[in-house]
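1. sequence plus predicted model, see below.
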Amino acid sequence: MQLTNYRLARIFFPIFILFLGLDTIATGQQTIRKNKLATAKPSSSRRLSFAEAQRILGDESEGNLSKQPNRFSRTKLANGQVLEIFYPIVTPGKTARSKPVTVAGYGMLYESEAAFDAAYKDSTRPRHMLEDLIPDGNDLIAEIPQLIARLEKRLRVGAGKLDYSRASLKRIDAYIAGFHSSHTTAQTDPKLFQELTAYYGESLRRAINGEWHIREEHVGNSRIQNEPNISFDSGGKKREIKPWSSVISALYDEDKRGIGLTKVFDADLKAAQK
């Protein structure tokens, strides 16, 4: 899996939520819940386009802190800020006929070396693979209807057209195939992931007569990740399936790229029946 490499760990940071006043607290709380399913950037850093990063670099001595030519550089600027530049990556297609996939370059600008050190420490600490994809499973479960509605809009099907059947997953697999044709497994999309997890999980829950359940997983010494799992009865015993893990396999596991949700759905059903 490529979800825990250094570059991915730096891509996803929290999004600021702005309160407009005491008279909009109720609306603000709803906005907070929705935005907790996305990821935010700390105030001490700013993500830049590749072109903007190059402009900021200007005539500075690139890579005076660290450098891998045409791949990555870390530069302390004259004003004390730290600029990281990640160069574009071109990877070959999966087949001889498929087009190469290009991952756009970008930059990260930190206010100071101390800000960079804090961000680096955060990116290298123990992390759960869901941390940037589903920050809190409670929020995903609460937003399942809205997430599925977003998925229907993404797939350009009418409201309520996704009926939680195995056949409906084939329609989604066709979309995923198109997504894979223009993205590498390193290009994660939290919004798409949340929509797929909500729909796939709800389809699986109905198929096995289960219920959504939060599993608290301890990560390191100070963090708990709330996993949105599905609990079900099996021979008088309670068992759990992790629908998000199946979606990760279908979207981001290089070894299982192209497997599709229909096949993992069959595998999960078979596992549930054992």
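-> On my side now, so go ahead. Note that the structure is predicted; figures quoted are calculated from it, not measured.

2. now do the helix ranked longest in the chain: distance to the chain's middle.
-> Longest among the helix segments of the chain by residue count, using DSSP state H, is helix 190-208. Relative to its parent chain, helix 190-208 has a centroid offset of 14 Å by CA atoms, centre = their mean, to the nearest Å.

3. what ranges do the strands span in the stretch 1-150 of the chain?
-> For the stretch 1-150 of the chain, the strands defined by DSSP state E, counting those that start in this stretch cover 45-49, 66-68, 72-76, 82-86, 89-91, 101-103, 106-110.

4. got the angle for the helix or strand encompassing Lys170 vs helix 190-208?
-> For Lys170, the enclosing helix or strand under DSSP states H and E is helix 166-182. Using axes from the mean of the first three to the mean of the last three CA atoms, to 10 degrees, the direction of helix 166-182 lies 160 degrees away from that of helix 190-208.

5. identify each buried residue in helix 166-182, please.
-> Applying a neighbour-count criterion of 16 or more other CB atoms under 10 Å, one finds Ser168, Leu169, Ile172, Asp173, Tyr175, Ile176, His180 buried in helix 166-182. All C-beta spots, glycine's among them, are computed from the backbone N, C-alpha and C.

6. and that helix, average pLDDT?
-> Helix 166-182 shows a mean pLDDT of 89.

7. summarise which helices and strands that helix is packed against.
-> Applying 3 or more CB pairs under 8 Å, 6 or more residues apart in numbering; DSSP states H and E, one finds that helix 166-182 contacts helix 144-155, helix 190-208, helix 243-252, helix 260-273.

8. quick revisit: what mean pLDDT does the longest helix of the chain have?
-> Averaged across helix 190-208, the pLDDT comes to 96.

9. what's that helix packed up against?
-> Using 3+ CB pairs under 8 Å, 6+ apart, helix 190-208 sits against helix 137-142, helix 144-155, helix 166-182, strand 211-219, strand 223-234, helix 243-252, helix 260-273.

10. if we use 7 Å, what do you get?
-> On a contact count with 3 or more CB pairs under 7 Å, 6 or more residues apart in numbering; DSSP states H and E, helix 190-208 meets helix 137-142, helix 144-155, strand 223-234, helix 243-252, helix 260-273.

11. what comes into contact with that helix?
-> For helix 190-208, contacts defined as CB atoms under 7 Å, 6 or more residues apart in numbering pick out 12, 37-39, 132-134, 140, 144, 147-148, 150-151, 154, 162, 164, 169, 172, 211-212, 228, 230, 232, 241, 243-244, 246-247, 251, 261, 265, 268-269, 272.

12. surely Trp244 and Pro228 touch.
-> Yes: the criterion here is CB atoms under 7 Å, and Trp244 meets it with Pro228 at 6.4 Å.

13. overlap of the contact sets of these two?
-> Going by CB under 7 Å, 6+ apart, residues that sit against Trp244 and also against Pro228 are Ile134.

14. quick one: Leu169 from Asp59, how far?
-> From Leu169 across to Asp59, the span is 54 Å (CB to CB, to the nearest Å).

15. and Phe50, what is it in contact with?
-> Taking CB under 7 Å, 6+ apart, one finds Pro88, Ala104, Gly105, Tyr106, Gly107 in contact with Phe50.

16. now the angle from the longest helix of the chain to helix 260-273?
-> 40 degrees.

17. how far away is Asp189 from Leu251?
-> Asp189 is 8 Å from Leu251, by CB to CB.

18. these two - which one has more neighbours?
-> Using other CB atoms under 10 Å as the criterion, Asp189 and Leu251 rank with Leu251 on top: 24 against 14.
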